[in-house]
Structures are given as structure tokens and as C-alpha cells.
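Asks: my questions concern the predicted model and sequence given below.
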Amino acid sequence: MAHVQDVAAYILNKLGPMTAMKLQKLCYYAYGYHLAWESRALFPERFQAWANGPVCPELYAKHRGRFQLNKGEIKGDPSQLDAGEIESIDLVLAGLGTRSAHDLSQMTHGELPWAAARQRAHVGPLDRSTEELCDSDFEEFFGALVTADGEEL
């Protein structure tokens, strides 16, 4: 199974330089849509409901203190991704890859996986939280977005 750093390295290779926040949010969307499309997790690492949206702590540890990330700066192995995983990521990048980090972050704030985790943690809008997002919430939210014809981005 691929890991979050493999997905992040793939995204950076495809889209080039981006902010760490945008990379986190694209990994979140790739995870959510892949779970809905293929009924399996994209990677085993979990997202937490941080104040600025979902963050994967294992990925954060790879870019902590960095604002901008370039190709090759997240050490991962995109060859670990199978064809279905690559297809899911490519569809997310085609649909959301041009959005800003701020737009993606704002989008996540209105979505069930992050909002439900924040609610479970009983935290305010700016409070810290390490509450994990649940796959059942991903499945419910992203599954509702997936149409009979494939996907909706």
C-alpha cells in the first residue's frame, strides 16, 4: 500500500511548486474521492481536524516550517501507487488542482469529515485539535458527491 508521502510526491511531480497547505488539502481530497470511487483507503495515515482544515501529521512532519514545496522535496515513491490510485489522484488534480490553498481550506471547513471531527473534539473555530477524521464520514460525504456517471469535482 502506498503512503501519504508517496501521494504527496506524485502530486508535487505533477503540479510543481505549491504551498504546504495546498499539498495537504489535495492529499485530503485524493483520499476522500479515492475512498468513494474505489471503496479502499489511498494510504493508511490519518488526517486530523486542525484549525485550518484537515492535516495529515505524518506529511506535516515532512514539511514542517516550510511554506512552499518544490518537486522532489517530499521524499516519497510514486511508483508505489497502483493504476486506480493514480487515476483517482489525477481526477482530483484535474478538478481541484488550480484552486488556491485558501479556497481548498475553506471548502474543507464546510465538509462532513472535518466538521464532524471538530464537533467530536468539542473545540472552537481557532482551537487546536488532534481529533482524527473518520473513514465513515469520508465515505458518507464523498460518496454523496459521486454520481452514477463517475465523479463530481
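Replies: Nice, I can see it.
Asks: contacts, neighbours, all on C-alpha from now
Replies: Will do.
Asks: check the gap between D90 and L26 for me.
Replies: Noted for D90: a distance of 11 Å to L26, by Cα to Cα, to the nearest Å.
Asks: and the helices in this structure?
Replies: 4-15, 20-38, 57-63, 83-96, 101-109, 112-121, 135-145 (DSSP state H).
Asks: and the pLDDT at V146?
Replies: In this model, V146 is scored at 86, pLDDT.
Asks: that older thread, neighbour count: D90 and L26, which is higher?
Replies: L26 (24 against 17; other Cα atoms under 10 Å).
Asks: correct me if wrong: the more buried one contacts G97.
Replies: Yes: using Cα atoms under 8 Å, L26 is in contact with G97, at 7.4 Å.
Asks: burial of L93, as a residue count?
Replies: Neighbour number of L93 under other Cα under 10 Å is 20.
Asks: how close does it sit to K71?
Replies: With the distance defined as Cα to Cα, L93 ends up 15 Å from K71.
Asks: same check on T130?
Replies: 28 Å.
Asks: so the residue nearest the centre of the chain versus F141, what's the distance?
Replies: Against the mean C-alpha coordinate of the chain, by Cα atoms, centre = their mean, the closest residue is Y28 at 1.1 Å. Distance check for Y28 against F141: by Cα to Cα, it reads 13 Å.
Asks: I appreciate the help and will end here.
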